[in-house]
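K.L.:
Any chance you can model this:
(one chain, ligands or ions: 1)
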Amino acid sequence: MAGLAKLSLVMRHEAWRAAGTRGLTPTQAQILAILGGSTSPLGVKAIARQLAVTVGTASGAISTLVAKGLVAKQADEADGRAIVLTLTAPGKQEAEQAAKWPDAMLHAIGALPGSEQAGLLRGLVGMVRALQEQGAVPTARMCVGCRYFRPNEYPGQPKPHHCQFIDAPIGDTDLRIDCDEMEPAAAEIQPVLWNVFLNGTPLDSKGPARRHGPRAGGQPSHTPSKGDPS
Ligand code: SF4
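P.N.:
Below is the predicted model of the structure:
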């Protein structure tokens, strides 16, 4: 807990410092990063949910971003009465900066051997999943809950998992915690995915036969294509 608290301290300090140099609060910077990482415009409620703050808090920060000319409001194409938010051109530039990791954290993680980076990411995935189940954090778009994820498809290989969206093997260091392409697996499948991920048993023993083999060298395809998620 003491170690996590120290990491949190660095993250908070760096978030205030980085956002402050650009005249933003950390919440405003996070909103820009969320809009920048989204494939479609988002409404205020969706942003509040991702930030785990009240709609009122998100609305206040968004109003400031609109006043600064970084975010624009427009009618939702699917529901003309609803308002969605998009980034302006200057907002896109700010969003790129806001999405960057603090240098101090990048250096600290880069100093770890690859195997420990992978272990750290697996641990984070497990913690985020547990917090998600308790309702303590918003639902994350993670591999371990994704219909395209085939955990431990290739046991013992450097990239033991398979992403059916890009139709390529992925390793522990490739696991995603916020993936735009993530689509939730059926509720009854999610615990199975998690068990297979944790225990290393190929999914084939509990479901359909394996249909993919790792590519030579275990490298991902350079031409991603949507695989059959069944
Ligand atoms: S689509 Fe994204 S979340 Fe789903 S398995 Fe592939 S990389 Fe992971």
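K.L.:
Please give me every residue in contact with the residue lying closest to Gln190 once chain neighbours are set aside.
P.N.:
In space, Gln190 comes closest to Gly145 once its chain neighbours are excluded; the distance is 5.3 Å by CB to CB, 6 or more residues apart in numbering. (Each C-beta comes from the backbone N, C-alpha and C, glycine too.) Gly145 makes contact with Arg129, Met182, Pro184, Ala185, Gln190, Leu193 under the criterion CB atoms under 8 Å, 6 or more residues apart in numbering.
K.L.:
Show the buried residues in those.
P.N.:
Arg129, Met182, Ala185, Gln190, Leu193 (16 or more other CB atoms under 10 Å).
K.L.:
Give me the pLDDT for the third one.
P.N.:
Same thing as Ala185. Ala185 carries a pLDDT value of 94.
K.L.:
That one touches Cys146, doesn't it?
P.N.:
Yes. Here Ala185 reaches Cys146: they are 6.2 Å apart, a contact under CB atoms under 8 Å.
K.L.:
shared neighbours of the two, anything?
P.N.:
Leu193.
K.L.:
count of residues packed around Gly123?
P.N.:
10 (other CB atoms under 10 Å).
K.L.:
Name the secondary structure element that contains it.
P.N.:
Gly123 belongs to helix 114-133 when assigned by DSSP states H and E.
K.L.:
partners of the residue nearest the centre of the chain in the sheet?
P.N.:
By CA atoms, centre = their mean, the mean C-alpha position of the chain lies nearest to Asp178, the distance being 0.9 Å. Asp178 forms beta bridges with Arg141, as assigned by DSSP bridges.
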